[in-house]
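S.K.: Show me how the following folds:
(2 chains)
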Amino acid sequence: GQSLEQPSEVTAVEGAIVQINCTYQTSGFYGLSWYQQHDGGAPTFLSYNGLDGLEETGRFSSFLSRSDSYGYLLLQELQMKDSASYFCAVRGGGGNNRKLIWGLGTSLAVNP
Amino acid sequence: DTGVSQDPRHKITKRGQNVTFRCDPISEHNRLYWYRQTLGQGPEFLTYFQNEAQLEKSRLLSDRFSAERPKGSFSTLEIQRTEQGDSAMYLCASSLVRGQQGWSQPQHFGDGTRLSIL
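M.R.: As a prediction, this is how the structure comes out:
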């Protein structure tokens, strides 16, 4: 089967750094994406890793290790507005299987 | 760029009725995706289009579900003979894909249609 695992909840304080891990098990791998979703809102794209290493976009960074089937999202200088759910999503499968497989999401609560 | 828009935002209907949702993607985007999301879960892939061609359907998409994108622009998702288990948020997303870069391109989501089956 194909699955993604990420923590269900993370709590942190303003200004802190938090890391959200994602491990995946898929038949075939074609990249790891991260999305943010506020309550009642639409998912919004944060980052994509197709190759091993770190991608940095402002306060957010994402890392991928394909040999470990593992990635993480790093959020720095946390702000209250970062309170949201964060999803990792993998394009897995082979042949014509082009679907994105999503994790269950990590609910991040940023406290003052 | 007016973003992805979905209509209606909310739909309440009785079990057994048919419902149809509409999605207008970002105008120059050639790929359009439909997802379903329930509380506490990640989006669940249903189907996607490249221009007007429906290239993949999830096994989760029963015969009661049908999607179209007749002119490669807007898309509709119809659910026939709705059941309680169809209650969910139905999300549409679009992306612009060139060549082989497909799945690295961000998907832009609409605000969704929340379906409630009584």
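S.K.: What's the local residue count around B:Ile53?
M.R.: That one is not Ile; residue B:53 is Ala. 9 (other CB atoms under 10 Å in any protein chain shown). Every C-beta, even on glycine, is put in place using the N, C-alpha and C of the backbone.
S.K.: Angles on the backbone of it, please.
M.R.: Note on B:Ala53: its backbone torsions stand at phi -90, psi 130 [degrees, to the nearest 10].
S.K.: got it, and A:Asp82?
M.R.: The phi/psi pair for A:Asp82 (degrees, to the nearest 10) reads phi -80, psi -10.
S.K.: pretty sure it is in contact with A:Leu108, am I right?
M.R.: Yes - at 6.4 Å, A:Asp82 counts as touching A:Leu108 under the criterion of CB atoms under 8 Å.
S.K.: Which neighbours do those two have in common?
M.R.: A:Leu75 (CB atoms under 8 Å, 6 or more residues apart in numbering or on different chains).
S.K.: ranges for the strands of the chain?
M.R.: By default, I'm working from chain A. Along chain A, counting by DSSP state E, strands occupy A:3-5, A:9-13, A:18-25, A:29-37, A:44-49, A:53-57, A:60-65, A:70-75, A:84-92, A:100-102, A:106-111.
S.K.: To clarify, I was referring to chain B.
M.R.: Counting by DSSP E, the strands of chain B are B:5-7, B:10-13, B:19-24, B:31-37, B:44-50, B:53-57, B:65-68, B:75-79, B:88-95, B:108-109, B:113-117.
S.K.: Fine, thanks again, bye for now.
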